[in-house]
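Trainee: okay, here's the prediction I keep looking at, along with the sequence it came from:
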Amino acid sequence: MADQNPQVQDLTSQEVAEGLQEGRFMLVDVREPNETAVERFPDAVIVPLSTFDPAAIPDPAGRDVVFACRSGRRSVTASLAAQEQGFPYGSHLAGGLLAWKAAGLPTET
């Protein structure tokens, strides 16, 4: 393994929103289907943590993958798991959906 100490970078809701708008980020929501059915991030790819496989994430095509969940805990877990398998996915939405909504950003229901 190349990196024995994977790190997860915290991104703010505003940073993620800007990166998505500019086409620099691909958001991967690791919440479960029962959660994403109620409310979800616009344009996010859904890869539930319960069956998480970083290989299931579509090719980000040059964009940075950013993980998201409800509060920012599961997204860190997903990022670390992906890095352990050799994927360069080291960013997550700090505070998750709660912070996203607190920042006044849109969700889909």
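Mentor: Thanks, I have the structure now.

Trainee: what is the burial count for Asp43?
Mentor: Neighbourhood size, Asp43 [other C-beta atoms under 10 Å]: 10. For the C-beta atoms, the positions are set from N, CA and C on the backbone; glycine is no exception.

Trainee: spit out the contact partners of it.
Mentor: Shown here is Asp43, whose contacts under the criterion C-beta atoms under 8 Å, 6 or more residues apart in numbering are Leu20, Leu27.

Trainee: what's the answer for Ala17, then?
Mentor: Trp100, Ala103, Leu105.

Trainee: tell me the helix or strand right after the helix or strand containing it.
Mentor: Assigned by DSSP states H and E, Ala17 falls within helix 13-21. Next helix or strand after helix 13-21 toward the C-terminus (DSSP H and E): strand 25-29.

Trainee: show me where pLDDT drops low in this protein?
Mentor: For the chain, applying pLDDT under 70 flags the ranges 1-5.

Trainee: can you give me the strands for it?
Mentor: 9-11, 25-29, 45-46, 64-68, 91-93 (DSSP state E).

Trainee: distance to Ser79 and mean neighbour count added to the ones you listed, as CSV?
Mentor: Shown next, in CSV, are those (distance: least, C-beta to C-beta, whole Å; neighbours: other C-beta atoms under 10 Å):
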stretch, distance to Ser79, mean neighbour count
strand 9-11, 8, 16
strand 25-29, 9, 24
strand 45-46, 14, 16
strand 64-68, 5, 25
strand 91-93, 5, 26
